[in-house]
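Novice: Next come a sequence and a model predicted from it.
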Amino acid sequence: MSSSRISRRAFLTALGLGSTALAAQSMPGLSPSVNISSDRPNLLLIHTDQQSQWTVSAFPRLPGDRVIVETPHLDSIAVNGARIDNFFVNQAVCSPSRSALMTGRYPQFTNVWKNGRPLNPDEITLAHALSEAGYDTGYCGKWHLSGEAKPGWGNPNWEDPDVQTYGFRDADFMWNRGHFKEVVEDLTGAEKPEVSSNIGDESTYSTDFFTRKAVDFIQKERTEPFFLMVSFPDPHTPYKTRDPYGSQYLPENMTIPPTIDDEDETTCREIRTQYCGMVKLIDDGVGKLIDTLHQTGQYENTIIFYTSDHGDFMGEHGLYKKGKFYETVFRVPCLIQWPGHIPAGSIVKHVMSNVDVHPTMLSLMGLVPNTRIQGTDGSKVLLETESEWLDQAFGFHRSGLGAAIFTQDWHLFVMEEGYEQEKVPKRALYDRLNDPWQMNNLYFDQNHKQIREMLLTRLIDFHRNLETVECEWLETQYGLSSSVSPLNNNNPESHDLKQNFPNPFNPETRIEFQLSNPSNVSLKIYNIQGKEILTLIDEYKEAGQHAVTWNGNNRFGKPAGSGVYFYHMDASSSEGDTIRIRRMIKIP
């Protein structure tokens, strides 16, 4: 791979900042602050296309499932670092998901809200930030953010070479779009490699080809640290891989999901053999990259991060490929290691998503993320220096007509009236712990009304704060005008739950509420994961003004940790049931 260095002047000019910005040592919101160190870590980011979490043997199995593909090299990342069990993509389609990972911003704000759209030319990618910090940046594999539908190398949408490669200095083998299996290189170097749907062999198969290019980059002599992103096109369709991997797994040995359509079993078994073969080949490629780090003496000082842009239904719910709101295509494998820093063998249960990757990687590497970032820095969670974390991730759909929220315990999604997805309910609430196959929709179950309303409130809050296109129909059809009260509702003729005071608070806060008629009142505190912390009131109350103080303790009398909490009032009377929910923050 060759190198074409992006100058600081060219980068800032491409952003429209000109020479004025060059006078600043650090530009808040654009250039990161650098922690100069002789041992700054390298970053090897390995990315796959359409890989479900169950394909990596290090991750736990769902009930009735078992390990099919042994992935010892990927498993070694978990053994020597951390396995993130609840890692979600923000959109279960290739390009939007990739845009979130590269920029730390949600797809709707990067211009890539669906496939076929180019990334905004002024986006600040992870490569921009690290190039500016003095890193040697390289990319090989599928990029899929150029917006061009026709398969090919390079980015035809922008004339500026800096924008074409989005911060990667070495981008000779950045394949921008389309799907392929075989890569045939011009040995003279005069032409770009040719690609095709032929399967080929070890000398031409795409996973092998990009592994070799990645090895070359890692072995290159350099004085600065490196950032290399390797983006394998597999295990995306077409479901076919080279031998011996294509014949390594037998249909009769494949596990079948309980939600499959009966008539699809034969097809499901067949394509799973190829899918698993593709993953096995990727694992062997990862092993070669890890070996190269050892051989070059760079293993100890390299962060290895592994994930995918989305999963594949593989027959679950009678579906294939991706794009729908079920969890199996949103939850993907996520592994990270950094010897001597991230504790070996860590299992992270916190909910994270690909919009968090950009700020987390920069923080681990001693850099300050730009101020446009919408994701959250999770470095302290990975380093186990902090346990507090906003356990939630949000899912989008290219239509703008659906929205989802994931927590450790729950998954809720809703769609705008008039919009439907094949074989998918319009409204759903699933218990992630007790119903991992998502077979029992609890959305209309009255026993889960409080959970549903709480998650809807959080979902609407999120979209309102970002002013998304989804916000209007979410508020109108699912939230504030129906069962959840507006935050500024002061109508004396209705029940009203007021904002707690003080807020944020520590150690205690006062909660006031008003009843328009005598009611049986339940007032409970829930944490950000939807778990009940404490019941403050559960009794009959007369009409009028009432107040209660929460001392910040849980039901066991122990102080609740700092973070976001919800207080939920359910008032039942002869006039019907009324639910009110508000959010509060307990500070350290």
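Specialist: Perfect, I can see it now. Residues are numbered from 1 along each chain as shown.
Novice: Following the chain onward from the helix or strand containing Gln274, which element is next?
Specialist: Assigned by DSSP states H and E, Gln274 falls within helix 265-295. Later in the chain than helix 265-295, the nearest helix or strand by DSSP H and E is strand 302-308.
Novice: Tell me which residues are up against that next one.
Specialist: 41-52, 74, 77, 81, 87, 89, 101, 286, 290, 293, 332-338, 354, 357, 361, 364-365 (Cβ atoms under 8 Å, 6 or more residues apart in numbering). In short, each C-beta sits where N, CA and C put it, glycine included.
Novice: go on, stretch 530-542?
Specialist: Contacts of stretch 530-542 (Cβ under 8 Å, 6+ apart): 407, 409-410, 451, 454-455, 511, 515, 518-527, 548, 550, 553-555, 560, 565, 567.
Novice: How far off centre is that stretch?
Specialist: Averaged C-alpha coordinates place stretch 530-542 at 34 Å from its chain's average position (Cα atoms, centre = their mean, to the nearest Å).
Novice: go on, stretch 186-197?
Specialist: Counting by Cα atoms, centre = their mean, stretch 186-197 comes out at 34 Å from the chain centroid.
Novice: And for stretch 420-428?
Specialist: 22 Å.
Novice: Tell me the predicted confidence for Ser33.
Specialist: If you check Ser33, the pLDDT there is 38.
Novice: In this structure Pro96 contacts Phe396, no?
Specialist: Yes. Counting by Cβ atoms under 8 Å, Pro96 does reach Phe396; the two are 7.1 Å apart.
Novice: quick one: common contacting residues for these two?
Specialist: Common neighbours of Pro96 and Phe396 (Cβ under 8 Å, 6+ apart) are 90, 107, 113.
Novice: and the spatially closest residue to the last one that is not a sequence neighbour, how far is that from Ala403?
Specialist: Spatially, and ignoring its direct neighbours in sequence, Trp113 is nearest to Pro107 (5.1 Å; Cβ to Cβ, 6 or more residues apart in numbering). With distances taken as Cβ to Cβ, to the nearest Å, Pro107 is found 13 Å from Ala403.
Novice: can you check Lys322 too?
Specialist: Distance from Lys322 to Ala403, by Cβ to Cβ: 17 Å.
Novice: what does Gln164 give?
Specialist: 33 Å.
Novice: More neighbours: which of those two?
Specialist: Of the pair Gln164 and Ala403, Ala403 is the one with more neighbours under other Cβ atoms under 10 Å, namely 26 against 18.
Novice: The more buried one - that's part of a strand, no?
Specialist: Yes. Per DSSP: H, G, I helix; E, B strand; the rest coil, Ala403 lies within a strand segment.
Novice: Not counting its neighbours along the chain, what's nearest it?
Specialist: Nearest residue to Ala403 in three dimensions, chain neighbours excluded: Glu470, at 5.0 Å (Cβ to Cβ, 6+ apart).
Novice: Quick one: the strands in the stretch 151-300 of the chain, in order.
Specialist: 152-153, 170-177, 182-184, 194-196, 226-231 (DSSP state E, counting those that start in this stretch).
Novice: average pLDDT across stretch 51-71?
Specialist: 95.
Novice: got the contact list for that stretch?
Specialist: By Cβ under 8 Å, 6+ apart, stretch 51-71 touches 72, 74-75, 77-79, 83, 85, 235, 249, 253-255, 257-258, 272, 275-276, 279-280, 282-283, 308, 311-312, 314, 328-329, 331-333, 335, 436-437.
Novice: try stretch 267-282
Specialist: By Cβ under 8 Å, 6+ apart, stretch 267-282 touches 48, 51, 55-56, 68-71, 205, 207-208, 232, 234-235, 239-242, 245-252, 254, 256, 260, 312, 314-315, 320.
Novice: now do stretch 512-523
Specialist: Against stretch 512-523 from outside (Cβ under 8 Å, 6+ apart): 492-498, 501, 511, 535-548, 567-575, 578, 580.
Novice: ok, now stretch 448-462?
Specialist: With Cβ under 8 Å, 6+ apart as the criterion, stretch 448-462 contacts 392, 394, 403-405, 407, 410, 412, 414, 429, 442-443, 471, 474-475, 478-480, 483-484, 524, 526, 530, 566, 568, 570, 579, 581, 583.
Novice: next one: stretch 291-306 to chain centre, how far?
Specialist: The answer for stretch 291-306 is 25 Å, by Cα atoms, centre = their mean.
Novice: Span of it from start to end?
Specialist: With Cα to Cα, to the nearest Å as the measure, stretch 291-306 spans 16 Å from end to end.
Novice: I'd say Asn111 and Asp122 touch.
Specialist: No. If you go by Cβ under 8 Å, Asn111 and Asp122 don't touch, sitting 9.9 Å apart.
Novice: Could you check which of the two has the larger neighbour count?
Specialist: Neighbour tally, Asn111 and Asp122, criterion other Cβ under 10 Å: the higher count belongs to Asn111, 17 against 12.
Novice: Let me know the secondary structure of the nearest residue to that one once chain neighbours are set aside.
Specialist: Leaving out its chain neighbours, the residue that sits closest to Asn111 by Cβ to Cβ, 6+ apart is Asn120, at 4.6 Å. At Asn120 the chain is in coil, as set by three-state DSSP.
Novice: how close does Asn120 sit to Trp143?
Specialist: From Asn120 to Trp143 the distance is 15 Å (Cβ to Cβ).
Novice: Who has more neighbours out of the two?
Specialist: Regarding Asn120 and Trp143, a neighbour count based on other Cβ under 10 Å identifies Trp143 as having more, with 25 against 15.
Novice: what about the more buried one, distance to Asn441?
Specialist: In terms of Cβ to Cβ, Trp143 sits 37 Å off from Asn441.
Novice: Let's see the pLDDT reported for Val163.
Specialist: The model's pLDDT for Val163 equals 62.
Novice: Over to the one 3 residues further on?
Specialist: Looking at Tyr166, its pLDDT is 86.
Novice: Hmm, it is touching His128, no?
Specialist: Yes. At 6.9 Å, Tyr166 counts as touching His128 under the criterion of Cβ under 8 Å.
Novice: number of nearby residues for Gly544?
Specialist: 10.
Novice: which of Pro96 and Phe396 has more neighbours?
Specialist: Higher neighbour count among Pro96 and Phe396: Pro96, with 30 against 26, using other Cβ under 10 Å.
Novice: And what about that one, helix, strand or coil?
Specialist: Pro96 - assigned by three-state DSSP - is helix.
Novice: List the contacts of it.
Specialist: Per Cβ under 8 Å, 6+ apart, neighbours of Pro96: 90, 107, 110, 112-115, 396, 398.
Novice: Now which of those residues would you call buried?
Specialist: 90, 107, 110, 112-115, 396, 398 (16 or more other Cβ atoms under 10 Å).
Novice: and the two most separated of these?
Specialist: Comparing every pair within these by Cβ to Cβ identifies Asn90 and Asn115 as the most remote, at 14.5 Å.
Novice: residue ranges for the helices of the chain, please.
Specialist: 8-14, 72-80, 94-103, 126-132, 161-165, 206-219, 265-295, 357-364, 379-382, 449-466, 471-478 (DSSP state H).
Novice: Just the buried positions in the third one, please.
Specialist: Within helix 94-103, the residues that count as buried by 16+ other Cβ under 10 Å are 94-103.
Novice: TSV for the residues you listed, including distance to Glu182?
Specialist: Converted to TSV, the buried residues of helix 94-103 look like this (distance: Cβ to Cβ, whole Å):
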residue	distance to Glu182
Cys94	20
Ser95	23
Pro96	27
Ser97	25
Arg98	23
Ser99	27
Ala100	30
Leu101	27
Met102	27
Thr103	31
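Novice: from these, which is closest to Tyr419?
Specialist: Distances from Tyr419 to these, taken by Cβ to Cβ, are shortest for Pro96, at 17.7 Å.
Novice: Right, I'll call it a day here.
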